[in-house]
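Undergrad: Coordinates for the following, if possible.
(2 chains)
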Amino acid sequence: MEILEQLTFLERGVIAGIIIGFLSPLIGAFLLVRRMTIISEGLSHITLTGITAGIFMSQSAFWLGPVNPLYTGLLFSLAGSLLVEKLRQIYKDFQELAIPIILSTGIGMSAILISLVQSSYTEWYSYLFGSIVTVTLSDLFFIVITGIVTVVILAGFYKELLSISFDQEFAVTSGISVKKINFLFSLLIALVITMSIKVVGILLVGAMVTLPVAASIQFAKSFRQVIFFGILFGEISVIGGIVTSYYLNIATGGMIVVCGVTILVVSIVVQRIIVRLRKTV
Amino acid sequence: MIDVFFQYDFLMYSLYTSLMIGFLAPFLGVFIVVRRLSLMADALSHITLTGIAFSLLLGRHYPLFAALNPVYMGIAFSVTGSIFIERLRNVYKFYKELAIPIILSTGIGIGVVFISLANGFNNDLFNYLFGSVIAINKQDFYVVIIVTIIVTALLILFYKEWFFLSFDEEQAVISGIPRRTLHFLFMIMVALVIGISMQIVGILLVSALMTLPVAAAMRWARGFKQMFFYAILFGEISVLTGLISAFHLDLAPGGTIVMVNVLILLVSITLTKKR
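TA: Numbers count the residues shown, from 1 in each chain, chains lettered A, B, ... in the order given. Purely as a prediction, here's the structure:
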């Protein structure tokens, strides 16, 4: 941890970016096969509520002292993912309603809290659209610790997660507790979304989870390859985004997404050309 | 409390506009929800941001665009976005649900780049994102009236066709209903309603006004027509109380409108749980 303290602000941002570029596509691959990619949008918006609540608390309740708003963000995001499950049960025939409900509730509450907190707009923009310059030391600690927790959980329960994602019935009969693993999975999503927010921004976290994996399933022939290509594309877009945003002076999150979209478009086009070539041969 | 809204012109415009969107958004929203397009509304509203950012960027370089209300460019972008979503669904045949998150995040990502290029990270952007009580001027107000009339007329005119398409698509296509044309028309209507609503509610919260009242109405309604009634009722209640409380408490109107909606939804869910 002492090494982390000696880093410059730019190095902190780059390290945070690399960790995020590795973990988001990893979770994204699981979300993809479970057909839940859209949940990342809902949860990222509710994380904003948590962050605004954290900032609001440290402004109005002094006895709490300064809390890093990322922690309250994580709490809200976890609560959100559990609420989504609950709403799915309430609206059995319209399950897809759960995400828009959570998404708009999250943003609605944040809008009110943002107007209550008399903070400068630029601070909010860095949460909304991401900026590597604002990654503080305590943020980096948060990202590293949550990153380690995520990797440990993923490595420990890889087989269970895989089994549930591909064949839930089989998983149940082989004695896996679906409820427990699903909770663990919600925790993983919440962790990854919260750690990405500082660099990529709330409105763009979903992109980091979706775009690299969407590009990688164009080529991949197995689940492992989806993960491998996903991480590769994720890292390329994060590093490419950070470098270009630094030189062109553009919001980091935006450039990362633009890199991700470019990779996606190129891979769709390349895949089409390959298919066409095969047909002519 | 409400008389202040009649003292100033700009407040009166936003009050009337709110009343109209409180009617229009849930009305259209019922069709959106039963056709299972509720996420589509989110995606389209996020692309509207790209259009607005693009218009702001153009406005800095070409005076012609500076005079234009960025909302129009936003509407154009969201119509284009809906076409892209259909195309992406064909690309990802086995993962059709991927299309919406892809378009949603692409829209915001490119929008952010445009905003950065236009140096637009200021108060105006915040009003676009979370809504504003004073965004409507006389000219916008006329546009809102025209859009309301057109969309309502279209909805009533093609009510049977959309009703048919929503509940039994195959049968509808077989009986000769032009599905593609009607779907395209529907998307344009959604884009238009998002465009006029976002000035008061804000881009990030437009879709809430389309889905939340309908979700609450679903708990009460015993038929499709009743669903319209409840949805519009809830929509109007939330818009009115939200706008007035936002003005008096100095909050973002989008936030208060959505939170009133969420309250109605929570009350509806708890009250109807036993049924």
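Undergrad: number of nearby residues for residue A:116?
TA: Counted with other CB atoms under 10 Å in any protein chain shown, residues neighbouring residue A:116 total 18. Quick note: C-beta positions are derived from backbone N, CA and C, even for glycine.
Undergrad: same check, this time on residue B:140
TA: Burial of residue B:140 is recorded as 17 neighbouring residues (other CB under 10 Å).
Undergrad: That one contacts residue B:70, correct?
TA: No. Counting by CB atoms under 8 Å, residue B:140 stays clear of residue B:70, with 11.4 Å between them.
Undergrad: is it true that residue B:162 touches residue B:186?
TA: Yes. The pair residue B:162 / residue B:186 is scored as a contact, 7.1 Å apart, by CB under 8 Å.
Undergrad: hey, what's in contact with both of these two?
TA: Jointly contacting residue B:162 and residue B:186 under the rule CB atoms under 8 Å, 6 or more residues apart in numbering or on different chains are residue B:31.
Undergrad: Dead centre of the chain: give me the residue that sits there.
TA: Went with chain A since none was named. In chain A, the residue lying closest to the centroid (CA atoms, centre = their mean) is residue A:193, at 3.2 Å.
Undergrad: my bad, the chain I had in mind was chain B
TA: For chain B, the residue nearest the mean C-alpha position is residue B:194 (3.1 Å; CA atoms, centre = their mean).
Undergrad: Let's see the pLDDT reported for residue A:63.
TA: Looking at residue A:63, its pLDDT stands at 65.
Undergrad: To clarify, my last question referred to residue B:110.
TA: Note for residue B:110: predicted pLDDT of 90.
Undergrad: what's the spacing between it and residue B:46?
TA: Distance of residue B:110 to residue B:46, computed by CB to CB, to the nearest Å: 11 Å.
Undergrad: who's more crowded, those two?
TA: Neighbour totals were compared for residue B:110 and residue B:46, and residue B:46 leads with 28 against 20 (other CB under 10 Å).
Undergrad: and residue A:117, backbone torsions?
TA: Phi and psi for residue A:117, reported as degrees, to the nearest 10, are phi -80, psi 120.
Undergrad: That one reaches residue A:56, doesn't it?
TA: Yes. If you go by CB under 8 Å, residue A:117 and residue A:56 touch, sitting 5.1 Å apart.
Undergrad: ok, for residue 241, nearest residue in space, not its chain neighbours?
TA: With no chain named, the answer covers chain A. In space, and not counting its chain neighbours, residue A:241 is closest to residue A:256: 3.1 Å by CB to CB, 6 or more residues apart in numbering or on different chains.
Undergrad: right idea, wrong chain: chain B
TA: Counting by CB to CB, 6+ apart, residue B:241 lies nearest to residue B:260, which is 5.1 Å off, once chain neighbours are set aside.
Undergrad: Can you report how many residues lie near the one you found?
TA: Counted with other CB under 10 Å, residue B:260 comes out at 22.
Undergrad: ok, residue A:80 - contacts?
TA: Counting by CB under 8 Å, 6+ apart, residue A:80 touches A:42-43, A:46-47, A:102, A:106, A:190.
Undergrad: That one: what's its closest spatial neighbour, skipping adjacent residues?
TA: Using CB to CB, 6+ apart, the closest residue to residue A:80 is residue A:46 (3.6 Å).
Undergrad: Could I have the CA atoms of the helix or strand that contains residue A:105 written out in CSV?
TA: Using DSSP states H and E, residue A:105 sits in helix A:98-116. This file holds the C-alpha atoms of helix A:98-116, laid out as CSV (Å, rounded to 0.1, in the frame of the first residue of the first chain):
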residue,chain,number,x,y,z
ALA,A,98,-38.0,-3.5,-12.8
ILE,A,99,-35.0,-1.8,-14.4
PRO,A,100,-36.6,1.4,-15.6
ILE,A,101,-38.3,1.8,-12.2
ILE,A,102,-35.0,1.4,-10.3
LEU,A,103,-33.2,3.6,-12.9
SER,A,104,-35.6,6.5,-12.7
THR,A,105,-36.0,6.3,-8.9
GLY,A,106,-32.2,6.5,-8.6
ILE,A,107,-31.9,9.5,-10.8
GLY,A,108,-34.9,11.2,-9.3
MET,A,109,-33.6,11.0,-5.8
SER,A,110,-30.1,12.1,-6.9
ALA,A,111,-31.6,15.1,-8.7
ILE,A,112,-33.2,16.2,-5.5
LEU,A,113,-30.1,15.6,-3.4
ILE,A,114,-28.0,17.4,-5.9
SER,A,115,-30.2,20.5,-5.7
LEU,A,116,-30.0,20.3,-1.9
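Undergrad: what helices or strands is the very next helix or strand once past that helix leaning on?
TA: Later in the chain than helix A:98-116, the nearest helix or strand by DSSP H and E is helix A:121-129. When contacts are defined as 3 or more CB pairs under 8 Å, 6 or more residues apart in numbering or on different chains; DSSP states H and E, helix A:121-129 sits against helix A:39-60, helix A:252-280, helix B:123-130.
Undergrad: distance between the shortest one and the chain's centre?
TA: Spelled out, that is helix B:123-130. Put simply, helix B:123-130 sits 16 Å off its chain's centre (CA atoms, centre = their mean, to the nearest Å).
Undergrad: What sits closest to the closest residue to chain A within the stretch 101-250 of chain B if chain neighbours are left out?
TA: The stretch 101-250 of chain B approaches chain A most closely through residue B:109 (2.6 Å), counting by CB to the nearest CB. Excluding the flanking residues, the one nearest residue B:109 by CB to CB, 6+ apart is residue A:257, at 2.6 Å.
Undergrad: who are the neighbours in contact with the one you found?
TA: Contacts for residue A:257 (CB under 8 Å, 6+ apart) come out as A:200, A:204, A:207-208, A:211, A:237, A:241, B:105-106, B:108-110, B:112.
Undergrad: could you redo the last one with a cut-off of 10 Å?
TA: A:129-130, A:200-201, A:203-204, A:206-208, A:211, A:237, A:241, A:251, B:105-113 (CB atoms under 10 Å, 6 or more residues apart in numbering or on different chains).
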